[in-house]
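> Need the 3D shape of this:
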Amino acid sequence: MSRSRALLYYLAARLMLAPLMMWTIVTIVFLLLRATPGDPIDAIIGNRADEAVKAEYRERLGLNKPLPLQYLNYLGALLHFDLGSSITDQGQEVWSVIQQYFPATVEVAVCSMMVALLVGIGVGVISASRPGTVLDLGGRLFGIVTYALPIFWAGMIVQLIFSVQLGWFPIGGRFPATVTLPAGPTGLYTIDSLLSGNLNQFFTALYYLTLPSITLGILLSGIFERIVRVNLKQTLKADYVEAARARGIQERTILLRHALKNALIPVITVMGLTFASLLGGAVLTEVTFSWPGLANRLYQAIELRDYPTVQGIMVFFGAIVVMASIGIDIINALIDPRIRY
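Purely as a prediction, here's the structure:
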């Protein structure tokens with residue numbers, strides 16, 4: 001079987017398995033929400049409300065129906081791409097909630113990923129190219145420490161130093177309340193401000209992005225540092241690298257033009273999955289920095305027992321992760337001819 005045909009078969013199999021993975025995610029989220037203690041009606045009208053009023057709300061929201069029937073109704077709605085409406089946000093549709101809050105999550109995730117790649121790859125290259133030296137030891141220590149630090153703890157320490165003590169950056173938020181918000185089609189303040197030609201808004205958006213992006217990016221960079229260092233060390237011992245050295249090619253040219261290309265192939269896989277998890281799991285970062293993103297909105301919905309919002313956001317994040325994993329496999333197969341499916 002040719003390589004292209006094998007890749008097509010693999011892609012078809014993954015696409016057929018994607019609905020099964022999504023169904024698993026939907027089922028787990030649905031059951032876990034209803035297994036945890038608490039009543040969403042109490043979050044709406046308070047636990048001291050009259051029982052008749054509570055019963056009326058449950059009937060209106062369909063929470064008085066048997067659990068299997070609720071589950072089937074929810075699956076039926078999902079098949080029509082209906083995520084439902086929030087029960088705590090004045091009936092706002094969950095799709096509208098996602099459209100409102102997701103751009104903020106994308107913005108901080110993209111900036112954090114850029115910082116993580118620059119720092120992680122840079123430190124990894126320096127560490128691998130100087131084996132057994134202080135730089136190598138420092139790179140390994142950097143990877144271990146940044147990987148092990150809790151995001152919420154590091155975020156609070158950074159806020160305490162750079163926001164409270166030094167006053168260099170805002171302690172939280174996405175944009176000052178006294179300044180007009182950038183208006184545009186993307187919902188990304190940096191992009192919309194550039195599209196409108198308002199540089200003041202652009203630099204203000206960057207100013208508020210700096211602290212959460214650098215904090216999260218540096219903590220994630222340890223993952224890339226370790227991968228680049230290990231793979232680059234192995235690549236530098238390969239036969240073709242030794243042959244290049246024997247031909248008198250400069251070490252810097254060998255490192256950057258030959259070895260680094262192959263060492264970065266595993267980074268693509270980790271980068272894609274890390275970015276997908278950033279979009280779906282940056283709850284601690286957004287809560288710590290009061291960032292008005294979708295992960296922060298998910299945290300609020302969990303606190304308020306807002307079933308439709310939690311389920312809808314989790315399904316949305318799950319779809320991103322599933323499609324990202326499929327896309328990464330395809331990209332890896334295209335750029336690395338050694339991969340077979």
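> Check the gap between Thr288 and Thr204 for me.
21 Å (Cβ to Cβ, to the nearest Å). C-betas here are computed from N, CA, C, even on glycine.
> Report how many residues lie close to Thr133.
12 (other Cβ atoms under 10 Å).
> Against Leu141, how distant is it?
Counting by Cβ to Cβ - Thr133 and Leu141 are separated by 13 Å.
> contacting residues around the most centrally placed residue in the chain?
Geometric centre of the chain, nearest residue: Leu278, 1.3 Å, by Cα atoms, centre = their mean. If a contact means Cβ atoms under 8 Å, 6 or more residues apart in numbering, then Leu278 has 109, 112-113, 216, 220 as its contacts.
> State the helix or strand in which it lies.
helix 265-281 (DSSP states H and E).
> Helix, strand, or coil at the nearest residue to Trp95 once chain neighbours are set aside?
Computed as Cβ to Cβ, 6 or more residues apart in numbering, the closest residue to Trp95 that is not its neighbour in sequence is Leu83, at 5.7 Å. When classified by DSSP: H, G, I helix; E, B strand; the rest coil, Leu83 comes out as coil.
> All the strands of this structure, in order from the start?
Here the chain has no strands by DSSP state E.
> how many neighbours does the nearest residue to Leu15 once chain neighbours are set aside have?
Leaving aside its sequence neighbours, Leu15 sits nearest to Ile326 (Cβ to Cβ, 6+ apart; 7.0 Å). Using other Cβ under 10 Å, Ile326 is surrounded by 17 other residues.
> burial count for the closest residue in space to Ala301 that isn't next to it in sequence?
Closest residue to Ala301 apart from its sequence neighbours, by Cβ to Cβ, 6+ apart: Thr309 at 3.9 Å. Counted by other Cβ under 10 Å, the residues lying close to Thr309 total 27.
> I'd like to know how far Thr309 sits from Leu298.
Distance, Thr309 to Leu298, using Cβ to Cβ: 8 Å.
> contacting residues around the closest residue to Phe169 other than its chain neighbours?
Leaving aside its sequence neighbours, Phe169 sits nearest to Leu211 (Cβ to Cβ, 6+ apart; 4.3 Å). Applying Cβ under 8 Å, 6+ apart to Leu211 gives the contacts 158-159, 162-163, 169-170, 289.
> could you redo the last one with a cut-off of 7 Å?
158, 162-163, 169, 289 (Cβ atoms under 7 Å, 6 or more residues apart in numbering).
> what's the pLDDT at Phe162?
At Phe162, the model reports a pLDDT of 90.
> Now stretch 290-302 - C-alpha only, CSV.
Provided in CSV are the C-alpha atoms of stretch 290-302 (Å, rounded to 0.1, in the frame of the first residue of the first chain):
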residue,chain,number,x,y,z
SER,A,290,-9.2,37.8,36.2
TRP,A,291,-9.0,37.3,32.5
PRO,A,292,-12.5,37.3,30.9
GLY,A,293,-12.0,34.3,28.7
LEU,A,294,-14.1,31.2,28.1
ALA,A,295,-12.2,29.1,30.7
ASN,A,296,-13.0,31.7,33.4
ARG,A,297,-16.6,31.6,32.2
LEU,A,298,-16.6,27.8,32.6
TYR,A,299,-15.3,28.2,36.1
GLN,A,300,-18.2,30.5,37.0
ALA,A,301,-20.7,28.2,35.3
ILE,A,302,-19.5,25.3,37.4
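> picking that back up, the residue nearest to Leu15 contacts Ala13, correct?
No: contact between Ile326 and Ala13 fails when scored by Cβ atoms under 7 Å: they sit 10.2 Å apart.
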